[in-house]
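I would like the atomic coordinates for the input below:
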Amino acid sequence: MSALMSMPENLSMLQIAFAGLALTASLGLLTWIASFVRSDVSLVDRVWAVFIVGAGIVYMLLMPDPWPRGAWMIAIGGFWALRLSGFITWRNWGEGEERRYQEIRERNEPNFKWKSLYLVFALQAVLAWVVSAPFFVGAAAGSRPMNWLDGVGIAIAVFGALFEAVGDAQMARFKADPKHKGQVMDRGLWRYTRHPNYFGEVCVWWGLWLVALGGAGWAGAWSVVSPLLMTVLLLKVSGVSLQEKDIGERRPAYRDYIERTNAFVPGPPRKGGR
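Below you'll find the model as predicted:
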């Protein structure tokens, strides 16, 4: 036990940072092996959040004095990760590989099962490590007194996690009702934004960044790469843009929903909204 407690004092910040990367890489490799067996690379979505918070836990264990700020951040991040991973696992159970991953597979055959190691899993591991940056900064400045910026950040992050959870629950309940087959979900939080889940998730990361900033000050401002990356991914890469690129053609009723409902930031429905 004494050797374990003294370990952080022997590690540099760079070594601790790369320990987080080693964790995300290891989880990525294990998930790739599972996907290889099941021919389903969309398994990575189920553990993406765990990659990020797993790196955060590594920082907590290796930093000399991460409390209490680091603990607050891991508590919020842990709730977000466990809920999101559990929800995606439940939602996709027995459904096979998701359509967007099937398209990636088709573009990269033959031997996609080998190529996916770097095209999907290594990439996700590196991205998760980058997104974990606020945990690193927060754990490094964990013992500094909590202040008003921490309070604002915690409030935004908790709001975001709950907003995302409510949005997902509302959508799941809507889809579970056979009467709604073919209809567009435009009630609850989905009345005010077409993607309450993505909006909530972005709030989580901007909130956690503010908590990190509250401890480290401007010396930790570089970790803004985390919420910026998550915002770009969810708006322009794997989120809003990807999901809606051809949805108007596949679901004509969705075009009217787009015209009356904000894409991301919640707002009152425009003319024609319920």
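
And the residue nearest the centre of the protein?
When CA atoms, centre = their mean is applied to the chain, the residue found nearest the centroid is residue 49 (5.2 Å).

I'd say it and residue 81 touch.
Yes - counting by CB atoms under 8 Å, residue 81 is a contact partner of residue 49 at 3.8 Å. C-beta coordinates here come from the backbone N, C-alpha and C atoms, glycine included.

sorry, back to before: ok, the residue nearest to the centre of the chain - contacts?
80-82, 84-85 (CB atoms under 8 Å, 6 or more residues apart in numbering).

what helix or strand does it sit in?
Per DSSP states H and E: residue 49 is located in helix 43-62.

Count the neighbours of residue 155 for me.
13 (other CB atoms under 10 Å).

Which of the contacts of residue 49 are buried, as a ChimeraX select command?
Filtering these down to the buried ones (16 or more other CB atoms under 10 Å) takes a single ChimeraX command:
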select :80,81,84,85
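
out of the contacts of residue 49, which are inside helices?
Among the contacts of residue 49, the ones falling in helices (DSSP state H) are 80-82, 84-85.

Which pLDDT value belongs to the residue lying closest to residue 91 once chain neighbours are set aside?
The shortest distance from residue 91 to any non-neighbouring residue, by CB to CB, 6 or more residues apart in numbering, is to residue 172 (6.9 Å). Here the pLDDT value assigned to residue 172 is 97.

what's around residue 172, how many residues?
12.

okay but it is in contact with residue 92, surely?
No - between residue 172 and residue 92 there is no contact under CB under 8 Å: 11.9 Å.

and the next element down the chain from the helix or strand containing the residue nearest to residue 91?
Element membership for residue 172 (DSSP H and E) is helix 148-176. Proceeding N to C from helix 148-176, the next assigned helix or strand is helix 196-216, under DSSP H and E.

and the following helix or strand past that next one with helix 43-62, angle?
Per DSSP H and E, helix 196-216 leads on to helix 225-232 as the next helix or strand towards the C-terminus. Counting by axes from the mean of the first three to the mean of the last three CA atoms, to 10 degrees, helix 225-232 lies at 170 degrees to helix 43-62.

list the helices and strands helix 225-232 packs on?
Other helices and strands packing on helix 225-232, by 3 or more CB pairs under 8 Å, 6 or more residues apart in numbering; DSSP states H and E, are helix 123-131, helix 133-140, helix 196-216.

which of those sits most buried?
With neighbours defined as mean count of other CB atoms under 10 Å, the helices and strands packed on helix 225-232 peak in mean count at helix 133-140, which reaches a mean of 29.

who touches it?
13, 16-17, 20, 52-53, 55-56, 59-60, 63, 66, 69-70, 72-74, 77, 205, 208-209, 211-213, 215-216, 220, 222-223, 225-227.

again with stretch 247-265
Everything outside stretch 247-265 that qualifies as a contact, by CB under 8 Å, 6+ apart, is 182-184, 186, 190-195, 198-199, 235, 240, 244, 269-273.
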